[in-house]
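Peer 1: missing the sequence, but the structure's below:
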């Protein structure tokens, strides 16, 4: 351990380096900053998670416009993924990269910009999401100005990392760095492609893609956010911290090579498994299935290399809390990456999709793999950077057991809830009727499970607080080394490869080629899957009766997005008897061609809404939005009374129509000029109908627009061609 | 909760199925029992998951046992006689065959000259079972794609849906035929017995009260406690309105949610409440219907 020579001016002149060695220091300060941020945001993100979990048990917790489930759930997912794990990645990378390269980070300034910029983005997310600024695309909800900030910060991180690699004093790049590089390039590509959107106002944009294409791009992104934000960087961290903590050599070099390349190549293809039995071409779904299945081995390669590195020191695992956390992390990784491919089989997905099974699955990965590995890493780092012993091994052990128990209490009820609900959805009576025709019945059944899950989550969070206390105490007891001294020989200009060298050593000496290589490898899958849906028309058969939304419906749709309705309601009737009986005709790709963005959803806490239009009278929707329990006793949906008072913002209506036209929605020439007048016409009509039912509400309120949208949903496909067209309805402009 | 106990019996049955070949569902052979393809899929899904879980648990267990053995054997081994040593080696050989790993004691043989911040790398062989699994998933993938997209052995999702609906239709028809035909608006009769009316009241409270009022006094929907009816007051008329709805006025169709028997019960219950004079009754609508 170094004693921080650089910052203690009282010492005598530094001793001269040994012949040919250069002296430098590692920047521990930046690691410390990120480590504290990881703990802080971990606690915040998980507490928000606990809050949304409790909302499902006690709907009264949706007490204000800014705290409804639809707005807060994205805050939870964004906080744990990008704030907790994101800062975890930076902590681990900034610590390990310097040491693996035998070089200080290229630029301390860039490191600080990376840190403060990332925290600013998190704060921006925490402010804008509850305010209702969202794109609706899962894990990419942040609006376009923040998207740009993320891009800049990611480039800063990548530049700093790569410049450090180029200045390295070791010839070859360790496997951890391969994973860091692949992470950097892939996340950049994913973020750029999925965030392609057209800004309408300062905090509102529309996705460049529509319907099927948007879904495909979104889940290519969504799945690979898991792959390249939650998995590959953490595999890199695992490759550094597990052998370090165990003081054992990595089990198999050749396994690293194969599982690295196979993993990044195969992962990128697997996105469509989020859209099985959806309105996606069959071939794309099948590719999603098979590439997911082929992922088992490469994923397990990482688990094996981690676990088998512990050969010979299993007795140490009993005592060393760092290793304990890492072993559970690796086991959870193995379970989640085995379950993932299983969930990608169509017959299993038919059961699991839209249920809490998915929620259980992601939390085994999130709490088990990312959570436990982060904890292990922090317990490793603090005593080392503060030159002391961990404050309390006993507390750390408590944390370990509480967290493990918390995962079990979380996952088991969620599996049970998923099975139960799915079986209830699919059960028929002998007369051929749904056994549980009332969707709500299948939700209230789950309430005890939701309560247990919240308990499990609370345990896990309790552990985080114990850890924070323990680590802060550790820091207080020790003395921090901000700049850790090191020395190493610089690289010589020439390298002579020696006899019998493994062929892969070639690319390990060439970071640029390694980066380009991984870029090429990850581009293949995405291109093969996405290009055909853009270029070959037969993939999205058009439906003549599908027309663009009226201006009022479009505004209503934006309210649906703002309130995050898609967090609980799908708009995707799958081709199953149990779904067509319950909801109506199954979804067709051609129905969504004007949907920028698509709103298929991924979870049904409430019923599907694809065929909602015309099912209930306007008055039902009005009463249901203002007080869901008045129409559906026992409902756990938040109430939206303010919608009946808040005036609809029509300042951007014209711009929205223009933006949609730019994206290819065939609004007739000049429609934007009458859009507002048309909007008022349709709103008056709805307000008039409500008045007939004894409901007095101003026609310029948000609720009117939302009702207009809900009543339009899924009706085009069954539109009667002889029906009289209303003056405000939009007929698509026929192509010349 | 008769329905849900049925649910769990079925879950258990599915569990008992254990390992079934994945492609059985794709053959489109609906079982003669109940539920059609989707149910078979359900069972298969569960069975697959269970099989996977068992597989995983076995693996972890096996691993744990072997590791424990190694840990515990290590100190004894030194003291053990040559014969016992041979025995121990034999016991460990399954493990070493599975991983094809060089034992920890001889790992210098596979040590590379790589060193990164003190981390060394061994170059053990790939575990043969892992390689086999990788190949197996690749073979599975080729067969899978060929089955769906080259040879058409397995149905695409639209075909699968049609098969499922058809199978269910035949099954329901057979069931109703055996029962002597279905109850509908042409043959429905008014029920008077108390159990039927109580069932009807329960249905009313869960589905109808929100719009027609808890005491049938009316609300969003019309008053049902007076003798005025918009669409006729005969049991056959009331049955039909509940069954197909009056969508233009906001009354939804209930035939996918309520069985004909339930519609009969709730219609009978509503008629039984005629003239009950609830408080805050909505004004009468439609024509008066006189019962015989």
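Peer 2: Yep, it's here. Here the structure is a predicted model, which means the values were calculated and not measured.
Peer 1: mind listing what residue A:160 touches?
Peer 2: Contact analysis of residue A:160 by CB atoms under 8 Å, 6 or more residues apart in numbering or on different chains lists A:105-107, A:110-111, A:114. No exception for glycine: its C-beta is placed from N, CA and C like everyone else's.
Peer 1: on the three-state scheme, it is what?
Peer 2: Counting by DSSP: H, G, I helix; E, B strand; the rest coil, the backbone at residue A:160 sits in helix.
Peer 1: for chain B, what's the nearest residue on chain A?
Peer 2: Residue nearest to chain B within chain A (CB to the nearest CB): residue A:617, separated by 2.9 Å.
Peer 1: mind jotting down where the strands sit in chain A?
Peer 2: A:22-27, A:197-201, A:204-207, A:483-488 (DSSP state E).
Peer 1: distance to chain B, mean pLDDT and mean neighbour count added to those, as TSV?
Peer 2: Listed next are those as TSV, based on distance: least, CB to the nearest CB, whole Å; pLDDT from 0 to 100; neighbours: other CB atoms under 10 Å in any protein chain shown:
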stretch	distance to chain B	mean pLDDT	mean neighbour count
strand A:22-27	10	95	18
strand A:197-201	30	94	18
strand A:204-207	25	95	23
strand A:483-488	9	95	18
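Peer 1: can you list the strands that the longest strand along chain B pairs with?
Peer 2: Across chain B, the strand with the greatest residue count (assigned by DSSP E) is strand B:111-116. Strand B:111-116 has the following strand partners under DSSP bridges: strand B:119-122 (antiparallel).
Peer 1: stretch A:566-581 near chain B anywhere?
Peer 2: Yes. Under the criterion of CB under 8 Å from any CB of the partner chain, chain B is reached by stretch A:566-581 at A:575-578, A:580-581.
Peer 1: in the stretch 101-250 of chain A, what spans have low per-residue confidence?
Peer 2: Residue ranges of the stretch 101-250 of chain A with pLDDT under 70: none are present.
Peer 1: so which residues on it come close to chain B?
Peer 2: Listed as neighbours of chain B in the stretch 101-250 of chain A under the rule CB under 8 Å from any CB: A:102, A:170, A:172, A:174, A:240, A:243-244, A:249-250.
Peer 1: over to the stretch 301-450 of chain A?
Peer 2: Within the stretch 301-450 of chain A, the residues that sit near chain B (CB under 8 Å from any CB) are A:301, A:304, A:307-308, A:311-312, A:314-315, A:331, A:334-335, A:338-339, A:342, A:345, A:347-348, A:350-352, A:419-420, A:422-424, A:426-438, A:445.
Peer 1: mind giving me the PyMOL select for those residues, buried ones only?
Peer 2: Typed into PyMOL, the next command selects the buried ones out of those (criterion: 16 or more other CB atoms under 10 Å in any protein chain shown):
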select buried, chain A and resi 301+304+307+308+311+312+314+331+334+335+338+339+342+345+347+348+350+351+352+419+420+422+423+424+426+427+428+430+432+433+434+435+436+437+438+445
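Peer 1: which of the residues of the stretch 301-450 of chain A next to chain B fall in helices?
Peer 2: The helices, defined by DSSP state H, take in A:301, A:304, A:307-308, A:314-315, A:331, A:334-335, A:338-339, A:342, A:347-348, A:350-352, A:419-420, A:422-424, A:426 from these.
Peer 1: rewinding a little: export the residues of stretch A:566-581 next to chain B to TSV and append columns for pLDDT and distance to residue A:127.
Peer 2: Formatted as TSV, those follow (pLDDT from 0 to 100; distance: CB to CB, whole Å):
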residue	pLDDT	distance to residue A:127
A:575	96	41
A:576	96	41
A:577	95	46
A:578	95	42
A:580	95	42
A:581	92	44
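Peer 1: so of those, which ones are in helices?
Peer 2: A:577-578, A:580-581.
Peer 1: quick one: which two of these are the most distant?
Peer 2: With CB to CB as the measure, no two of these lie farther apart than A:578 and A:580, at 7.8 Å.
Peer 1: higher neighbour count, these two?
Peer 2: A direct count of neighbours by other CB atoms under 10 Å in any protein chain shown for residue A:578 and residue A:580 places residue A:578 higher, at 24 against 18.
Peer 1: residues in contact with stretch A:445-454: which ones?
Peer 2: Under CB under 8 Å, 6+ apart, the answer for stretch A:445-454 is A:50, A:53-54, A:56-57, A:356, A:409-410, A:412-414, A:416-417, A:420-421, A:424, A:636, B:4.
Peer 1: how about stretch A:235-243?
Peer 2: By CB under 8 Å, 6+ apart, the residues outside stretch A:235-243 that reach it are A:88-89, A:92-93, A:96, A:100, A:174-180, A:183, A:249-250, A:256, A:263, A:302, A:305-306, A:309-310, A:322-323, A:326, A:329-330, A:373, A:376-377, A:380, B:117, B:119-120.
Peer 1: show me where the stretch 151-292 of chain B has its strands.
Peer 2: Under the criterion DSSP state E, counting those that start in this stretch, strands of the stretch 151-292 of chain B are mapped to B:228-229, B:287-288.
Peer 1: which neighbouring elements make contact with the first one?
Peer 2: On a contact count with 3 or more CB pairs under 8 Å, 6 or more residues apart in numbering or on different chains; DSSP states H and E, strand B:228-229 meets strand B:287-288.
Peer 1: sweet, I'm off.
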